[in-house]
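# Any chance you can model this:
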Amino acid sequence: MKKQFSTLKRSFLFVALAFATMPALSKSKLLVGSWRLTAADEILPGGSQVADFGTDPHGIAIFTADGHYVVEIFRSEHLKFASGDRTKGTPEEYKDAVLSASCHFGTYTVDAAKGTITFHIDYASYSNWDGTTQVRSFTLEGDKLTWRVPSRPDGSTPVSVFSRMP
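Presented below is the predicted three-dimensional model:
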């Protein structure tokens with residue numbers, strides 16, 4: 001019986017050690033919850049900050065305690081399809097539909113010491129991101145979450161700002 005207890009104790013310690021050394025997937029509760037988008041801007045190469053998704057963007061970010069997330073960002077001003085049928089849009093309507101939204105979902109990890117969120121993207125509205133890993137630097141000041149996307153080819157840097165929802 002003593003040997004069985006010792007084996008059980010060793011097994012428990014192994015499992016505890018495995019959880020202690022897991023990435024910050026579920027260990028960081030900093031971001032868990034729902035967040036409302038308050039700004040979707042871009043910093044231009046010269047340093048000025050301008051609206052990237054219009055003057056009144058809408059969106060949400062949801063982070064679960066078990067490491068899943070969804071991010072949706074939409075420009076408020078976007079074209080309606082004149083035909084009323086999304087399969088019969090004009091080239092301009094399709095282009096606007098693609099460029100007026102940025103959405104992705106998957107799992108995430110947080111490295112609070114480095115100030116980074118790593119998105120393990122399952123699928124995204126920009127299909128080049130499907131199955132990729134994207135790292136964002138972030139700041140959390142009270143109930144205000146801000147992250148920066150790596151610079152685009154034109155040198156601009158997207159910045160997303162969210163406020164925690166009650």
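# Roughly how far does the residue nearest to the spatial centre of the chain sit from Thr109?
Nearest to the geometric centre of the chain sits Val71, at 4.9 Å (CA atoms, centre = their mean). Distance, Val71 to Thr109, using CB to CB, to the nearest Å: 15 Å. Just so you know, the C-beta spots here come from the backbone N, C-alpha and C atoms, and that holds for glycine as well.
# ok, back up a step: tell me who's in contact with the residue nearest to the centre of the chain.
By CB atoms under 8 Å, 6 or more residues apart in numbering, Val71 lies in contact with Gly59, Ile60, Ala61, Ser102, Cys103, His104, Phe105, Phe119, Ser160.
# if we take these, which one ends up nearest to Trp35?
Closest approach to Trp35 among the contacts of Val71 (CB to CB): Ala61, at 4.3 Å.
# The closest one and Val70 touch, don't they?
Yes - Ala61 sits in contact with Val70 when judged by CB atoms under 8 Å, with a separation of 7.2 Å.
# And those two? Which one has more around it.
Ala61 (23 against 15; other CB atoms under 10 Å).
# Next, that one: secondary structure please.
Of the three states, Ala61 takes strand under DSSP: H, G, I helix; E, B strand; the rest coil.
# Beta-bridge partners for the nearest residue to it once chain neighbours are set aside, please?
In space, Ala61 comes closest to Trp35 once its chain neighbours are excluded; the distance is 4.3 Å by CB to CB, 6 or more residues apart in numbering. Using DSSP bridges, the bridge partners assigned to Trp35 are Ala61, Arg164.
# Contacts only, for Trp35.
The contact partners of Trp35, taken as CB under 8 Å, 6+ apart, are Ile60, Ala61, Ile62, Phe63, Leu145, Phe162, Ser163, Arg164, Met165.
# Turn those residues into TSV, including pLDDT.
Formatted as TSV, the contacts of Trp35 follow (pLDDT from 0 to 100):
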residue	pLDDT
Ile60	98
Ala61	98
Ile62	98
Phe63	98
Leu145	97
Phe162	98
Ser163	98
Arg164	98
Met165	97
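# and which of those residues is nearest to Ala82?
Ile60 (28.3 Å).
# Tell me where the chain is predicted with low confidence.
For the chain, the stretches flagged by pLDDT under 70 are 1-28.
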